[in-house]
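Visitor: Here is the input, now give the coordinates:
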Amino acid sequence: LGAPLRATYWGWPKSALSLAAALDARDLIDSLDKLATASSASAQDISVVICTRDRGPALARCLSSIAKQRSAPGEVVVVDNSRDGNARSVCMQFPEVRYIHETRPGLSVARTAGVRASRHGIIAFTDDDVEVHAGWTAEIARVFAERDVEALTGLVLPARLDTLAQRRFQFDMGGFGTTFVPLVFDQRFFEETRPNGAHVWKIGAGANMAFRRSAFDRVGLFDERLGAGAAGCSEDSELWYRLLATGGACLYEPRAVVFHHHRSDWPGLRRQMRAYMKGHVAALVVQYDNFGDRGNIIRIWIKLPAYFLRTFLRTLFDGPPGRIGILAAEVEGWLAGLQFLLRFGWRKRRALPRQNLV
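Guide: Numbers count the residues shown, from 1 in each chain. I've put the predicted structure just below:
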């Protein structure tokens, strides 16, 4: 009871405990109480890395939430990816923050700079448009102390649902996940989904993820061709792909909670969905080049067009207002992503090599 469940093909939990077994379990109440008890684990071995670009007020909210952790992290590193270093003044308001100005654009570039600058054995990432729960670092510390996994993701809840665009993203598009039980994404999950493009995007979101430093030593750093400021997104899921493809495992732990500020307007949401789809296609190309898994190509040419058609037909007859516009943005992103199949120089590049980061 309370052990992580194995993720199924669609990323949902596979039931492992029947009602009869639960009723027969010993010390059931004590086990449930333990599950509900907030972690008090020390987070001193955690480096929190936040990458930011031209979002001063949002960054200030994020840093304020990290300052309220019941288990303070060992360090907080802010990587400013703006041209003029405009996050420096925000960071000066938080004495515990280490500030780094990375002038080369791109989220993967900034995250890699954060990994290299960090000093501790666990590296946790969140975004500048996020506010973290007071127990976030303690729950991350507990997981890595109790479980033999290389990577962790957590629950991403909406910070606000004031606008229709925010509600559409959360309820119609699925937000950043809505699973409330721990899940293990392991070799079995990878092999089951591999023929159609391993479903690594089901593992979680880059707004709430953490890694052992040894994971970067083993499989390399973030692929700088991917992510915001480059191909669009999916630098996080491509790294999870490398971990699983080489025998590792990732744990989704919903007790590690953050609150994300979704795009509040329709133009912003459409731009986001276009970038997500473009980046997704780019990551599929990278994964095919790295491992030769034809499922990635099948997803580009068969699975994604089939998704577009199903969504169009469903929306045409019974869809919420605005969904067609979002679908159009996704199709635009898919079309833009196809260019990476023909960019042979781009395809010859690889993620940064494995190296000792200590």
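Visitor: going forward, measure contacts between C-alpha atoms and count neighbours the same way
Guide: Fine.
Visitor: residues in contact with residue 122?
Guide: Residue 122 makes contact with 45-47, 210-213, according to C-alpha atoms under 8 Å, 6 or more residues apart in numbering.
Visitor: Contacts only, for residue 211.
Guide: Neighbours of residue 211 in contact, by C-alpha under 8 Å, 6+ apart: 122-124, 150-152.
Visitor: Identify the residue spatially nearest to residue 109, adjacent ones excluded.
Guide: With sequence-adjacent residues excluded and distances taken as C-alpha to C-alpha, 6 or more residues apart in numbering, residue 109 is closest to residue 224, at 5.6 Å.
Visitor: unless I'm mixing things up, the one you found is touching residue 110, no?
Guide: No: applying C-alpha atoms under 8 Å as the test, residue 224 and residue 110 come out as separate, 9.1 Å apart.
Visitor: What backbone torsions are found at the residue sitting nearest the centre point of the chain?
Guide: Central residue of the chain (C-alpha atoms, centre = their mean): residue 205, 2.0 Å from the mean position. Per-residue torsions, residue 205: phi -140, psi 150 (degrees, to the nearest 10).
Visitor: So which bits of the strand ranked longest in the chain are buried?
Guide: Identified as the longest strand of the chain according to DSSP state E is strand 250-260. Within strand 250-260, the residues scored as buried using 16 or more other C-alpha atoms under 10 Å are 250-260.
Visitor: one step back: neighbour count for residue 224 and residue 110, which is higher?
Guide: residue 110 (27 against 23; other C-alpha atoms under 10 Å).
Visitor: Using CSV, write down the CA coordinates of the helix or strand where the more buried one lies.
Guide: In the assignment (DSSP states H and E), residue 110 maps to helix 107-117. Only the C-alpha atoms of helix 107-117 are listed here, as CSV (Å, rounded to 0.1, in the frame of the first residue of the first chain):
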residue,chain,number,x,y,z
LEU,A,107,16.0,26.9,-22.4
SER,A,108,18.3,23.8,-22.8
VAL,A,109,21.4,26.0,-22.9
ALA,A,110,20.2,27.7,-19.7
ARG,A,111,19.3,24.4,-17.9
THR,A,112,22.7,23.0,-18.8
ALA,A,113,24.3,26.1,-17.4
GLY,A,114,22.3,25.5,-14.2
VAL,A,115,23.5,21.9,-14.0
ARG,A,116,27.1,22.9,-14.4
ALA,A,117,26.8,25.6,-11.8
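Visitor: Now it: buried residues?
Guide: 107-115, 117.
Visitor: Stretch 291-310 now?
Guide: 293-297, 299-300, 304, 308.
Visitor: again with stretch 68-75
Guide: In terms of neighbour count (16+ other C-alpha under 10 Å), stretch 68-75 has its buried residues at 69-75.
Visitor: residues contacting residue 186?
Guide: Taking C-alpha under 8 Å, 6+ apart, we find residue 186 in contact with 6, 244, 247-250.
Visitor: Hmm, residue 287 and residue 293 touching each other?
Guide: Yes: at 7.2 Å, residue 293 and residue 287 qualify as touching, with contact defined as C-alpha under 8 Å.
Visitor: still on that earlier bit, correct me if wrong: the residue nearest to the centre of the chain contacts residue 157.
Guide: No: checked against C-alpha under 8 Å, the pair residue 205 and residue 157 is beyond contact range at 11.1 Å.
Visitor: any shared contact partners between those two?
Guide: By C-alpha under 8 Å, 6+ apart, the residues touching both residue 205 and residue 157 are residue 176.
Visitor: Wait, a helix at residue 333?
Guide: Yes: with DSSP: H, G, I helix; E, B strand; the rest coil as the criterion, residue 333 is part of a helix.
Visitor: Could you measure from it over to residue 296?
Guide: Counting by C-alpha to C-alpha, to the nearest Å, the gap from residue 333 to residue 296 is 16 Å.
Visitor: Over to residue 150?
Guide: Distance of residue 150 to residue 296, given as C-alpha to C-alpha: 24 Å.
Visitor: same question, residue 98
Guide: Applying C-alpha to C-alpha to residue 98 and residue 296 gives a distance of 39 Å.
Visitor: Next: residue 318.
Guide: 31 Å.
Visitor: again, but for residue 251
Guide: Distance, residue 251 to residue 296, using C-alpha to C-alpha: 23 Å.
Visitor: and what of residue 48?
Guide: Where residue 296 is concerned, residue 48 sits at a distance of 32 Å (C-alpha to C-alpha).
Visitor: tell me which of the contacts of residue 211 is nearest to residue 346?
Guide: Nearest to residue 346 among the contacts of residue 211: residue 151, at 27.5 Å, using C-alpha to C-alpha.
Visitor: What's opposite that closest one in the beta bridge?
Guide: residue 211, residue 250 (DSSP bridges).
Visitor: from what I can see it touches residue 213, true?
Guide: No: in this structure residue 151 lies outside contact range of residue 213 using C-alpha under 8 Å: 9.6 Å.
Visitor: neighbour count winner among these two?
Guide: Taking neighbours as other C-alpha under 10 Å, residue 151 and residue 213 compare with residue 151 leading, 26 against 21.
Visitor: sorry, back to before: can you redo the contacts of residue 211 as CSV with distance to residue 53 and pLDDT?
Guide: Shown next, in CSV, are the contacts of residue 211 (distance: C-alpha to C-alpha, whole Å; pLDDT from 0 to 100):
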residue, distance to residue 53, pLDDT
122, 24, 98
123, 20, 98
124, 18, 98
150, 28, 96
151, 25, 97
152, 25, 97
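Visitor: which two in the residues you listed are spaced the farthest apart?
Guide: Farthest apart among the contacts of residue 211 by C-alpha to C-alpha are 124 and 150. That separation is 11.9 Å.
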